[in-house]
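S.K.: Based on what follows, work out the 3D shape:
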Amino acid sequence: MRWPACPTSATWSSGAPPIADVRALAGIRYSLSHAGDLSRLVAPPYDVISEADLSRYRSLSPFNVVHVTRPGTHYDSAARTFEEWERDGILQADEPSMYVHEVAFNGRRRRDLIAALRLQPYDDRMVLPHERTHRGPKEDRLALMRATHVSLEPLWFVYEGRASGLQQITEVVSRRSPAVEFLGPEETEHRLWTVTDRVIHAAVHAAFESLPALIADGHHRYETALAYAEEVGGATDAVSRFTLALLTDIDDPGLEVLPTHRVLKAGVAVTGGEEAPSLEATLAGLRGRVAAGVYHDHRFEVLPLEGSVALVELHEQVIDNILGKRNPEDFLLYTRDAAEAVRWVDEGIGVGAFFLDAPDLRQVLKLAQEGKVLPQKSTYFYPKPPSGMVFLRLDPNRRL
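M.R.: I've put the predicted structure just below:
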């Protein structure tokens, strides 16, 4: 299949100006009386599970979600497994619902909304990417989607909803008793509420209409879902025209974005920065500034940069100048552990390390609205929403 760098073919054919179209869905969820404790059934998103962890999740339960999200190349087997779970009552469909999800971690708490989001081409400027994608992961996910006809994992989006009233809606819902509580990966604690009230559905739908959604996690899966929707077709309101989405307000106090540091495997050393006595001082020196930390020859520096987004300026002003026309992905290693980046340089794996502060999400959103794409590994939203909370069957003959 030919994969465009940025899908532009339309799935919205009403002729009206595009909106962010968020709707209730007939979510499919585990029946805990048949499947057991949800803590043993969920797992991280497919692309962050190591092979060692994959074996562990498989052993937790024969119904753990990795049996369908990580089937290797046995896509038809994943489809049969999902169908068997439905037939045997392991999975059951809800009436049309939205869901409020809450995760507690490290003394913090974040609330998300889970619903169906209309798939739209990036040109509509309602769903906004901020990273480039690669062909391989999209081909894998498309093969799985073709076999299962199911949205198996929620794509994660953030939105700027300060005056939308959405925060008040999720706050009111969270005062009720949750439908389920469970433990997730990395010692996270989760609660999930099912919202069947059509008045709330209508309020949420209306609130989102003018709010662009920035892809936080799931660029490959979004483009895969868009390609799949164009393959199978369906009416404008067909379920196949939507994706399972987890949406988080950019102002949620529990929304955490971690920086990803870079190690350059070849090139020349960077000089001209402000000397720093330690890694800790270097990282502290980045806060509130457009700057990058540098480590080479057992010395730390804070390198001031011109511009508004440190990550973009680091690549344009430093890394691209060092590498010239060479592909940065061939010469960069990534880690969220700054001490690990230092070790890699000391061990000779790289010639220098670059450290970044957590990105300003409003700046990322602004660049995305301007149609600009950031370098690879620009954001790492944490903690990832677990897979296995809700599924969506992508039926082109059923409408939302």
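
S.K.: Tell me where the protein has helices.
M.R.: 32-35, 51-60, 66-69, 75-87, 135-148, 166-173, 198-208, 219-232, 279-284, 310-314, 320-323, 338-346, 361-369 (DSSP state H).

S.K.: What is the burial count for Val342?
M.R.: Other residues near Val342 number 21, with proximity taken as other CB atoms under 10 Å. All C-beta spots, glycine's among them, are computed from the backbone N, C-alpha and C.

S.K.: Where is the longest strand in this protein?
M.R.: Ranked by number of residues, the top strand in the chain under DSSP state E is strand 108-118.

S.K.: Any chance you could give me that one in CSV, C-alpha atoms only?
M.R.: Extracted in CSV, the C-alpha atoms of strand 108-118 (Å, rounded to 0.1, in the frame of the first residue of the first chain):
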residue,chain,number,x,y,z
ARG,A,108,-0.7,12.8,41.0
ARG,A,109,-4.1,12.2,39.3
ARG,A,110,-5.2,12.6,35.7
ARG,A,111,-8.7,12.4,34.2
ASP,A,112,-9.5,11.4,30.6
LEU,A,113,-12.5,11.0,28.5
ILE,A,114,-12.9,7.9,26.3
ALA,A,115,-15.2,8.2,23.3
ALA,A,116,-15.3,7.7,19.5
LEU,A,117,-13.5,10.4,17.5
ARG,A,118,-14.2,10.9,13.8
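
S.K.: Can you list the strands that it pairs with?
M.R.: Strand 108-118 pairs in its sheet with strand 22-23 (antiparallel), strand 98-105 (antiparallel), strand 242-249 (antiparallel), by DSSP bridges.

S.K.: Mean pLDDT, mean neighbour count and distance to Gly161 added to those strands, as JSON lines?
M.R.: As requested, those are arranged in JSON lines below (pLDDT from 0 to 100; neighbours: other CB atoms under 10 Å; distance: least, CB to CB, whole Å):
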{"stretch": "strand 22-23", "mean pLDDT": "98", "mean neighbour count": "24", "distance to Gly161": "11"}
{"stretch": "strand 98-105", "mean pLDDT": "98", "mean neighbour count": "21", "distance to Gly161": "14"}
{"stretch": "strand 242-249", "mean pLDDT": "98", "mean neighbour count": "25", "distance to Gly161": "5"}
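
S.K.: In contact with the residue lying closest to Phe381 once chain neighbours are set aside, which residues?
M.R.: Closest residue to Phe381 apart from its sequence neighbours, by CB to CB, 6 or more residues apart in numbering: Ala216 at 4.6 Å. Ala216 makes contacts with Trp156, Phe157, Val158, Thr248, Thr379, Phe381, as judged by CB atoms under 8 Å, 6 or more residues apart in numbering.

S.K.: 10 Å instead, please
M.R.: By CB atoms under 10 Å, 6 or more residues apart in numbering, the contact list for Ala216 reads 130, 155-159, 246-248, 250, 255, 257, 361, 364, 379-381, 384-385.

S.K.: And for Arg191?
M.R.: By CB under 10 Å, 6+ apart, the contact set of Arg191 is 100-104, 109, 111, 174, 177-182.

S.K.: So which of those residues is the closest to Leu264?
M.R.: Closest approach between these and Leu264, by CB to CB: Val103, at 34.7 Å.

S.K.: what domains does the record give for this protein?
M.R.: Domain assignment for the chain, taken from automatic domain parsing, gives 22-256+381-393, 260-357.

S.K.: From one end of the shortest one to the other, what's the distance?
M.R.: Distance across domain 260-357, first residue to last, is 8 Å (CA to CA, to the nearest Å).

S.K.: now do stretch 267-287
M.R.: Taking CA to CA, stretch 267-287 runs 27 Å from one end to the other.

S.K.: what sits up against it?
M.R.: Counting by CB under 10 Å, 6+ apart, 259, 261, 264, 291-297, 299-305, 310, 314, 318-319, 321-324, 326, 331, 338-339, 341-342, 350-358 sit against stretch 267-287.

S.K.: that older thread, Ile200: which of the strands paired with strand 108-118 is closest?
M.R.: For those, proximity to Ile200 was assessed by CB to CB; strand 98-105 is nearest, at 7.0 Å.

S.K.: C-alpha coordinates for that closest one, PDB please?
M.R.: Provided in PDB are the C-alpha atoms of strand 98-105 (Å, rounded to 0.1, in the frame of the first residue of the first chain):
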ATOM      1  CA  MET A  98     -18.800   7.500  26.900                       C
ATOM      2  CA  TYR A  99     -16.300   6.700  29.600                       C
ATOM      3  CA  VAL A 100     -14.400   8.800  32.200                       C
ATOM      4  CA  HIS A 101     -11.000   7.300  33.100                       C
ATOM      5  CA  GLU A 102      -8.900   8.300  36.000                       C
ATOM      6  CA  VAL A 103      -5.300   7.300  36.700                       C
ATOM      7  CA  ALA A 104      -3.400   7.900  39.900                       C
ATOM      8  CA  PHE A 105       0.400   7.800  39.900                       C
END
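
S.K.: which residues of the stretch 1-150 of the chain score low on pLDDT?
M.R.: The model of the stretch 1-150 of the chain has pLDDT under 70 over residues 1-17.
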